[in-house]
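K.L.:
I'll drop the sequence and a predicted model, then ask my questions.
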Amino acid sequence: MERAAIFGVYDFIGYSLCRHMLDIGIEVEGIHPAGEGEDYYTEEKRLEIGRNANFIETSLLDWQAVETEDFLFITLFEAFLDEDRTVDFLETLLTKLEFRNSKEMSTVVVLPAYFAQKNAKLEKAGVELNRFINNRLPSILTIYLPTIYGPWQPGKFFFQQVMNHSSNEIRELPDVSQLEWTDDCLYIDDAVKSIREMAESGKHGQFLLSSGDSGRWKACVRELLGKEPAMPGCCVAKPNFKETIKFSKVASNEEVSRGLSKQREQYFRIQNSRV
């Protein structure tokens, strides 16, 4: 891979994937919906990667959707945590993709593991995206992710909500979103490296990325809280996945304590820089 386009370049997965690719010399066109998610954190990310000569930023409206890149990565992992975010720009994205020849450039769609279930309840945006994927199954690689943690984890995730407290003495535990996968989790660097390697391998189809250890999410909770409490909102029933889903294990897993330490250090560095 020499060139790639990443939709959602300032979201959690898109940004980390972009940095990973830039670090190994891949040219990246970052596609960002104008006005979407423009906050302090977006500006911090833009400053970090904007100075790299191999990176250019393009708004979704200006993106031409031409086959000049080797791969297109559509990262919607974070966007679907807030359904309202996806409704406004997903239609524009899908319309642009309808007019391009998907066989000329490999397309990778990254979604929460929740969407891999048979009984997943999808709103309009999710239904439209599923239709797009199903119509292009032979040529698209869809990667479903469990909970992803590490630097820049969105504030809606349970781990980050716990870190927002000044101590581990939390009287009421934060809620766990139905889209946060409590059956497994991966460190961000391990996840994006696997996404890039799977794309370059030429794989197509639908895959759930796995740590190989179903107890990792709870191990992170124990590391954060020093105990394993009864978690509200946790999935107790075994997930019922679609028959088309295959499983792919990451090559290596970052140690839980190290990964959470990096997330905590980055979070407080950003907070302190705002003071």
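P.N.:
Great, that's in hand. Residues are numbered from 1 along each chain as shown.
K.L.:
so Q153 sits right up against Q263, yeah?
P.N.:
Yes. Counting by Cβ atoms under 8 Å, Q263 is a contact partner of Q153 at 5.9 Å. Just so you know, the C-beta spots here come from the backbone N, C-alpha and C atoms, and that holds for glycine as well.
K.L.:
mutual contacts of those two, please.
P.N.:
Jointly contacting Q153 and Q263 under the rule Cβ atoms under 8 Å, 6 or more residues apart in numbering are 159-160.
K.L.:
could you dump stretch 129-139 to PDB, C-alpha only?
P.N.:
Output in PDB follows, covering the C-alpha atoms of stretch 129-139 (Å, rounded to 0.1, in the frame of the first residue of the first chain):
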ATOM      1  CA  LEU A 129     -24.900   1.300   5.500                       C
ATOM      2  CA  ASN A 130     -25.800  -2.400   5.700                       C
ATOM      3  CA  ARG A 131     -27.500  -2.200   2.400                       C
ATOM      4  CA  PHE A 132     -24.400  -0.700   0.800                       C
ATOM      5  CA  ILE A 133     -22.200  -3.400   2.300                       C
ATOM      6  CA  ASN A 134     -24.500  -6.300   1.300                       C
ATOM      7  CA  ASN A 135     -24.600  -5.000  -2.300                       C
ATOM      8  CA  ARG A 136     -20.800  -5.100  -2.500                       C
ATOM      9  CA  LEU A 137     -19.900  -8.100  -0.400                       C
ATOM     10  CA  PRO A 138     -17.500  -9.600  -3.000                       C
ATOM     11  CA  SER A 139     -15.300  -6.500  -3.000                       C
END
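K.L.:
from I133, how far off is F247?
P.N.:
18 Å (Cβ to Cβ, to the nearest Å).
K.L.:
with P151 instead?
P.N.:
29 Å.
K.L.:
now do L94
P.N.:
Look at L94 and I133: by Cβ to Cβ, they are 10 Å apart.
K.L.:
the bottom helix or strand of the protein by mean pLDDT?
P.N.:
Here the helix or strand of the chain ranked lowest by mean pLDDT, DSSP states H and E is helix 83-98, holding a mean of 70.
K.L.:
next SSE after that one?
P.N.:
strand 106-112 (DSSP states H and E).
K.L.:
mind listing the helices for this structure?
P.N.:
Using DSSP state H, the helices of the chain run over 12-23, 40-50, 83-98, 124-135, 158-163, 188-200, 216-225, 256-273.
K.L.:
what number of residues lie near T42?
P.N.:
Using other Cβ atoms under 10 Å, T42 has 16 neighbouring residues.
K.L.:
how near is it to S214?
P.N.:
With distances taken as Cβ to Cβ, T42 is found 34 Å from S214.
K.L.:
now do I24
P.N.:
I24 is 31 Å from S214, where distance means Cβ to Cβ.
K.L.:
same question for E223.
P.N.:
E223 sits 16 Å away from S214, taking Cβ to Cβ as the criterion.
K.L.:
cool, K262 as well?
P.N.:
Look at K262 and S214: by Cβ to Cβ, they are 23 Å apart.
K.L.:
same question for I133.
P.N.:
To S214, I133 is 26 Å away according to Cβ to Cβ.
K.L.:
cool, L186 as well?
P.N.:
Distance from L186 to S214, counting by Cβ to Cβ: 12 Å.
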